[in-house]
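Peer 1: give me a model of this one.
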Amino acid sequence: MALTAGGCRDLRKYMDDPQVADIFGKLISGKSGYKTIIDKDKPVPMCKSCGLKLLGDEKFCPECGTKVEAIQPQQDS
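Peer 2: The predicted model follows:
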């Protein structure tokens, strides 16, 4: 099993496995068939001009003044 830089096991390849989701749901709720909602990482908004990390509610970059374009949420197909 692969280890990450911090020495932890890298389990990302199992993230979308339905069996893992079912086992995790049973572990959390104690009930078989419980479906948990697992949040995926959300993209960090950044200024396209200067690269400053933004909070996401700015209309203009506080560093350089460039207009911030809204990030479109990805839709599952």
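
Peer 1: domain parsing for the protein?
Peer 2: For the chain, automatic domain parsing gives the domain ranges 1-39, 40-70.

Peer 1: out of those domains, which is the most enclosed?
Peer 2: domain 40-70 (a mean of 12; mean count of other C-beta atoms under 10 Å). No exception for glycine: its C-beta is placed from N, CA and C like everyone else's.

Peer 1: start to end distance for that domain?
Peer 2: 19 Å (C-alpha to C-alpha, to the nearest Å).

Peer 1: avg pLDDT for it?
Peer 2: Domain 40-70 shows a mean pLDDT of 87.

Peer 1: please compute how far it lies from its chain's middle.
Peer 2: Relative to its parent chain, domain 40-70 has a centroid offset of 17 Å by C-alpha atoms, centre = their mean, to the nearest Å.

Peer 1: now the helices for the protein?
Peer 2: 18-29 (DSSP state H).

Peer 1: next one: the spatially most central residue of it relative to Asp57, how far apart?
Peer 2: Relative to the mean C-alpha position of the chain, the nearest C-alpha, by C-alpha atoms, centre = their mean, is the one of Asp41, at 0.6 Å. Distance of Asp41 to Asp57, given as C-beta to C-beta, to the nearest Å: 19 Å.

Peer 1: and if you look at Asp39?
Peer 2: With C-beta to C-beta as the criterion, Asp39 and Asp57 are 19 Å apart.

Peer 1: for Gly33, same thing?
Peer 2: Taking C-beta to C-beta, one finds Gly33 at 38 Å from Asp57.
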